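Chemist: Show me the folded form of this:
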Amino acid sequence: MSIKFDEAFLLAMHQYRQAAHVQTRVQRYLDLLHPRPGQHVLDLGCGSGDFCRVLAERVAPNGHVTGVDPSPDAINLATHLAAAHDPALLTFEAGDGHHLPYADATFDAAACISVLAFCAEPLRVLTELRRVLRAGGRLLVASADEDTRFYNGRDRVLGRRILRAIADRGHDPWTGRRLAAWLRSAGFTIIEELVLTQVEHDFNPSAGGYILAYALHDYLLEHGISPWEYERWLADLQACAAEGAYSYGVTTFVYVVESD
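Modeler: Residues are numbered from 1 along each chain as shown. Below you'll find the model as predicted:
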């Protein structure tokens, strides 16, 4: 199964990334990647360009951030949201991570966040990232381990079915736990390995779990969940929230690596 990265879903994910726990995680990613003024940085699978815009602030005034995504909707949205940024500092281009359209050793650093689970050949993508990085270039890779994503509800049978569908929306729900082996195979040296766990207890329009639950409406209905089941699941989550028993969370594997 695969999800459609159309404008509606991309906007929902843009909203998701405004949630407090996501903003905290973004700051952690920036600290780990440590982009510096004057660097040229690649963000592969940039989506709506949220991380690119923050990166651009770090590499200014003489650096440059290139956001790449295979979705034309993503490039259009990212360009629109970055309209106030200097194009000499930040640009977006359509591209496939399996065949990056850049010369060897083009970038000082790169990020690949929540992308590899949706790639047909993750190892090939990592090999391409290594090729376009300069010697000693730093790469930040992060991917959720989808089988750890959870929503607390009273109906375990329905909840498990929905979580299984959510986990299988990419090519491989176990991408996070496979990253270390893939990175070594691609020729990277692992500098830091982290496992980050997020947990929420609020089910409201500003919370990540809430936004994701509603953003996946069309996908779930196209992949075995009936409209009645979907509505019942939401009602279950809302009831748990009213009781103070709601929770949502996921575990994410994060690696900082260097090219030789």
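Chemist: what's near enough to touch His171?
Modeler: Going by C-beta atoms under 8 Å, 6 or more residues apart in numbering, His171 touches Ser2, Ala117, Phe118, Cys119, Ala120, Pro122. Yep, even glycine has a C-beta here, placed from its N, CA and C like the rest.
Chemist: strand partners of the longest strand seen in the chain, parallel vs antiparallel please.
Modeler: Assignment by DSSP state E gives strand 133-151 as the longest strand of the chain. Strands adjacent to strand 133-151 in the sheet, as given by DSSP bridges, are strand 107-113 (parallel), strand 248-258 (antiparallel).
Chemist: Send me the first one as CSV with only the CA atoms.
Modeler: Backbone C-alpha positions of strand 107-113 (Å, rounded to 0.1, in the frame of the first residue of the first chain) are rendered in CSV as follows:
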residue,chain,number,x,y,z
PHE,A,107,26.7,19.3,-0.8
ASP,A,108,28.3,19.8,2.6
ALA,A,109,25.4,18.2,4.5
ALA,A,110,22.1,16.5,3.9
ALA,A,111,18.9,15.5,5.6
CYS,A,112,16.5,12.6,4.8
ILE,A,113,13.6,12.7,7.3
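Chemist: And the strands in the stretch 51-200 of the chain?
Modeler: Secondary structure of the stretch 51-200 of the chain, counting by DSSP state E, counting those that start in this stretch: strands at 64-69, 90-94, 107-113, 133-151, 189-200.
Chemist: Figure out which of those is closest to Asp172.
Modeler: Proximity to Asp172, assessed across those by C-beta to C-beta, is greatest for strand 133-151 (8.6 Å).
Chemist: buried set for that closest one?
Modeler: 133, 137-151 (16 or more other C-beta atoms under 10 Å).
Chemist: and if you look at stretch 125-135?
Modeler: Within stretch 125-135, the residues that count as buried by 16+ other C-beta under 10 Å are Val125, Leu126, Thr127, Glu128, Leu129, Arg130, Arg131, Val132, Leu133.
Chemist: which ones among the residues you listed are found in helices?
Modeler: Judged by DSSP state H, the subset of the buried residues of stretch 125-135 located in helices is Val125, Leu126, Thr127, Glu128, Leu129, Arg130, Arg131, Val132.
Chemist: right, and out of those, which lies closest to Tyr255?
Modeler: Distance to Tyr255, by C-beta to C-beta, is smallest for Leu126 among those, at 10.2 Å.
Chemist: can I assume that closest one is in contact with Leu183?
Modeler: Yes - using C-beta atoms under 8 Å, Leu126 is in contact with Leu183, at 6.3 Å.
Chemist: intersection of neighbour lists for the two?
Modeler: Contact with both Leu126 and Leu183 is made by residues Val141, according to C-beta under 8 Å, 6+ apart.
Chemist: Okay, now the unreliable bits of this protein?
Modeler: 1-3 (pLDDT under 70).
Chemist: residue closest to the middle of it?
Modeler: Note on the chain: the residue nearest the mean C-alpha position is Ser114, at 2.7 Å, using C-alpha atoms, centre = their mean.
Chemist: Help me confirm that that one comes into contact with Leu140.
Modeler: No - with contact defined as C-beta under 8 Å, Ser114 does not reach Leu140; the gap is 11.5 Å.
Chemist: now the helices for the stretch 151-260 of the chain?
Modeler: Counting by DSSP state H, counting those that start in this stretch, the stretch 151-260 of the chain has these helices, from start to end: 156-167, 175-185, 208-215, 217-222, 227-243.
Chemist: taking the ones you listed together, which one is wrapped up most tightly?
Modeler: Stretch with highest mean neighbour count among those: helix 208-215 (a mean of 20; mean count of other C-beta atoms under 10 Å).
Chemist: Give me the angle between that helix and strand 133-151.
Modeler: Helix 208-215 runs at 80 degrees relative to strand 133-151, counting by axes from the mean of the first three to the mean of the last three C-alpha atoms, to 10 degrees.
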